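[1] pasting the sequence and the predicted coordinates here, then a few questions.
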Amino acid sequence: MLEDIFHAIITRVASKKKIPYRLDLSICPTILKKIEKEKNQSRWWHSCSGGNGMYDVKHGSKGFVVDILGKTCTCGAWLLSGNLCCHAYAVMRVEKLNPTPFIHGYYSVEMLRNTYTQTLQPCNGSNMWAPSEHDPIIALKFKKKKRGYYNFKRRLEEGEIRSRTLYETVSRAGRIVKCPTCGRYGHNKKTCKHKVHLKLTLCLIDFMLMSTHFFLCASLTLC
């Protein structure tokens with residue numbers, strides 16, 4: 001992977017090295033696009049000269065002070081980036097100044113050419129490497145985790161005994177089970193043997209109640 005990264009870097013540096021020689025400009029094209037953007041915004045700003053290279057630039061209630069000789073503007077953009085702000089360009093538009101000398105030298109094509117003067121030296125492949133005197137490095141083998149339940153219990157220290165009350169359930173030994181169906185002890189609802197008899201008893205009681213209700217209704221009707 002490192003060889004692929006190095007190959008991509010030297011390819012990029014070689015392509016960047018050819019760019020300055022194809023340009024007939026003194027400023028990099030990216031900076032010229034930014035200057036053009038600031039130029040369009042400067043048409044809304046009006047400048048007023050105060051003497052000694054000081055200008056008052058205003059747009060409505062907003063205003064900034066531009067120092068052409070000191071290459072500064074109170075907005076801070078010119079000093080921060082080294083590129084002209086729209087306020088400085090508004091002054092240069094009125095004074096008919098060339099903005100190129102006021103741009104920082106780091107944005108020039110000559111500086112771009114000097115950036116890529118150095119050459120990254122290619123390296124031989126692994127077939128040309130000198131053999132090492134040490135043992136080869138063996139990669140670790142990682143076990144693939146099984147799907148399903150994972151054990152999240154803390155690893156015990158040497159000589160530590162795991163507590164039963166923290167990690168294990170309480171034993172049901174000695175517990176008396178009561179059946180909710182018949183109300184008797186010794187078995188649960190699933191293993192209840194009196195469930196069928198209880199259902200028959202309930203059905204018989206329902207039948208007796210229905211028959212009693214029927215005879216009462218019949219006697220009231222005859223009366």
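    The structure has been received and is ready for your questions.
[2] let me know the helix or strand that residue 63 is in.
    Take DSSP states H and E as the rule and residue 63 turns out to sit in strand 62-67.
[3] return the set of buried residues in that strand.
    64, 66, 67 (16 or more other CB atoms under 10 Å). Yep, even glycine has a C-beta here, placed from its N, CA and C like the rest.
[4] want to throw the residues you listed into JSON lines with distance to residue 159 and pLDDT?
    Below are the buried residues of strand 62-67 laid out as JSON lines (distance: CB to CB, whole Å; pLDDT from 0 to 100):
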{"residue": "64", "distance to residue 159": "75", "pLDDT": "93"}
{"residue": "66", "distance to residue 159": "78", "pLDDT": "91"}
{"residue": "67", "distance to residue 159": "77", "pLDDT": "91"}
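[5] between those residues, which is nearest residue 77?
    Checking the buried residues of strand 62-67 against residue 77 with CB to CB, the nearest one is residue 64 at 9.7 Å.
[6] that closest one and residue 22: what is the separation?
    38 Å (CB to CB, to the nearest Å).
[7] and for residue 143?
    56 Å.
[8] identify the residues contacting stretch 106-124?
    With contact meaning CB atoms under 8 Å, 6 or more residues apart in numbering, stretch 106-124 is reached by 3, 6, 9-10, 13, 16-17, 19-21, 23, 25-28, 31, 82-83, 105.
[9] ChimeraX command to pick out the buried ones of the residues you listed?
    The ChimeraX selection below is limited to those of the contacts of stretch 106-124 classed as buried (16+ other CB under 10 Å):
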select :17,20,27,28,31,83
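[10] so which of the contacts of stretch 106-124 sit within helices?
    The members of the contacts of stretch 106-124 that map onto helices under DSSP state H are 3, 6, 9, 10, 13, 16, 17, 31.
[11] quick one: least confident of the residues you listed?
    Lowest pLDDT of these: residue 3, 82.
[12] so what's that one up against?
    Going by CB under 8 Å, 6+ apart, residue 3 touches 123, 125.
[13] check residue 125 too.
    Going by CB under 8 Å, 6+ apart, residue 125 touches residue 3.
[14] find me the pLDDT at it, would you?
    At residue 125, pLDDT is 82.
[15] quick one: it from residue 12, how far?
    20 Å.
[16] and for residue 141?
    For residue 141, the distance to residue 12 - CB to CB - is 37 Å.
[17] more neighbours: which of these two?
    Per other CB atoms under 10 Å, whichever of residue 141 and residue 12 has more neighbours is residue 12, with 12 against 5.
[18] show me the contacts for the more buried one.
    Residue 12 touches nothing, counting by CB under 8 Å, 6+ apart.
[19] in terms of pLDDT, where does it sit?
    88.
[20] same check, this time on residue 116
    pLDDT, residue 116: 85.
[21] quick check: residue 55 is in a strand.
    Yes: using DSSP: H, G, I helix; E, B strand; the rest coil, the secondary structure at residue 55 is a strand.
[22] can you report how many residues lie near it?
    Counted by other CB under 10 Å, the residues lying close to residue 55 total 22.
[23] now do residue 131
    Residue 131: 4 neighbours (other CB under 10 Å).
[24] what about residue 39, how many neighbours?
    Residue 39, neighbours per other CB under 10 Å, totals 16.
[25] what's the answer for residue 99, then?
    What residue 99 shows, counting by other CB under 10 Å, is a neighbour count of 17.
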